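Novice: no sequence on this one, just coordinates:
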């Protein structure tokens, strides 16, 4: 299995509070991604990174920001959490941006009350 | 219309059965196609890529029909361990890594 960890694995927070999710990889892959998964929608890309300090928006980026200061770490921040951001968040990595082989972390279950 | 559409199921089949899933995509310029598998409350994992010529990996066969814009996955001799959700995935551009996932088709294999 690819070396990807996510922290925390579970979190309950209140509306309006900031939340940061961490993705850490030991594979030295260049590309990293944040997705959210909701019933009826499948996985949707939030943000992705193609190198240190290089990031871009995905399909559902509103309300989220990211940072990547080191190859191994990709942080997802919800500046002011809302109930609509209750979801399962997956981080993924890939060696190349061609094709479709991405390796996923175990996920973070976030509940915003 | 969703970019990638799948019948969510569930498909309930007995062990040993053959089952097929289809998936349609809307962007005719899409470059590459994949099936991922996701077990309950786990992360998705790549099952196989889908090539224009079709490809087979053991009991699994994937096919692509570009003219009709659909992808299929055939599972022969179903095992209990095949129970999972199968995600159809499309890479529209081929060079950004920005994959589009279908919502998945759930398969339950019964003894």
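Specialist: Thanks, I have it. Since this is a predicted model, take the numbers as computed values, not measurements.

Novice: show the pLDDT at residue A:112.
Specialist: pLDDT, the model's per-residue confidence, is 97 for residue A:112.

Novice: so what's it bridging to?
Specialist: residue A:13 (DSSP bridges).

Novice: what about it, how many residues nearby?
Specialist: Neighbours of residue A:112 under the rule other CB atoms under 10 Å in any protein chain shown: 19. (Each C-beta comes from the backbone N, C-alpha and C, glycine too.)

Novice: go on, residue A:69?
Specialist: Residues contacting residue A:69 under the criterion other CB under 10 Å number 10.

Novice: how much space separates it from residue A:33?
Specialist: 17 Å (CB to CB, to the nearest Å).

Novice: again with residue A:18
Specialist: From residue A:18 across to residue A:33, the span is 22 Å (CB to CB).

Novice: ok, these two, which is more surrounded?
Specialist: Between residue A:18 and residue A:33, residue A:33 has the larger neighbour count (other CB under 10 Å), namely 25 against 10.

Novice: what sits against residue B:110?
Specialist: By CB atoms under 8 Å, 6 or more residues apart in numbering or on different chains, the residues touching residue B:110 are B:12-15.

Novice: pLDDT score assigned to it?
Specialist: With respect to pLDDT, residue B:110 scores 97.

Novice: for it, name its beta-bridge partners.
Specialist: residue B:14.

Novice: rewinding a little: distance to residue B:79, pLDDT and neighbour count added to the contacts of residue B:110, as TSV?
Specialist: Shown next, in TSV, are these (distance: CB to CB, whole Å; pLDDT from 0 to 100; neighbours: other CB atoms under 10 Å in any protein chain shown):
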residue	distance to residue B:79	pLDDT	neighbour count
B:12	15	97	13
B:13	11	97	17
B:14	11	97	9
B:15	7	98	12
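
Novice: what's the farthest-apart pair in these?
Specialist: Greatest spatial distance in these: B:12 and B:15, 11.6 Å, computed using CB to CB.

Novice: mind listing what the residue nearest to residue A:18 when sequence neighbours are not counted touches?
Specialist: Residue nearest to residue A:18 in three dimensions, not counting chain neighbours: residue A:79, with 5.7 Å by CB to CB, 6 or more residues apart in numbering or on different chains. Counting by CB under 8 Å, 6+ apart, residue A:79 touches A:18, A:63, A:65.

Novice: quick one: the first one and residue A:77 touch, right?
Specialist: Spelled out, that is residue A:18. Yes: if you go by CB atoms under 8 Å, residue A:18 and residue A:77 touch, sitting 6.7 Å apart.

Novice: what stretches of chain A score poorly on pLDDT?
Specialist: Where chain A drops to pLDDT under 70, the residues are A:1-2, A:99.

Novice: what segments of it are strands?
Specialist: A:4-7, A:10-13, A:19-25, A:31-38, A:42-51, A:54-57, A:64-70, A:73-78, A:87-94, A:103-104, A:108-112 (DSSP state E).

Novice: and those as JSON lines, adding distance to residue B:52?
Specialist: Below are the strands of chain A laid out as JSON lines (distance: least, CB to CB, whole Å):
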{"stretch": "strand A:4-7", "distance to residue B:52": "31"}
{"stretch": "strand A:10-13", "distance to residue B:52": "42"}
{"stretch": "strand A:19-25", "distance to residue B:52": "32"}
{"stretch": "strand A:31-38", "distance to residue B:52": "25"}
{"stretch": "strand A:42-51", "distance to residue B:52": "24"}
{"stretch": "strand A:54-57", "distance to residue B:52": "29"}
{"stretch": "strand A:64-70", "distance to residue B:52": "35"}
{"stretch": "strand A:73-78", "distance to residue B:52": "33"}
{"stretch": "strand A:87-94", "distance to residue B:52": "22"}
{"stretch": "strand A:103-104", "distance to residue B:52": "25"}
{"stretch": "strand A:108-112", "distance to residue B:52": "37"}
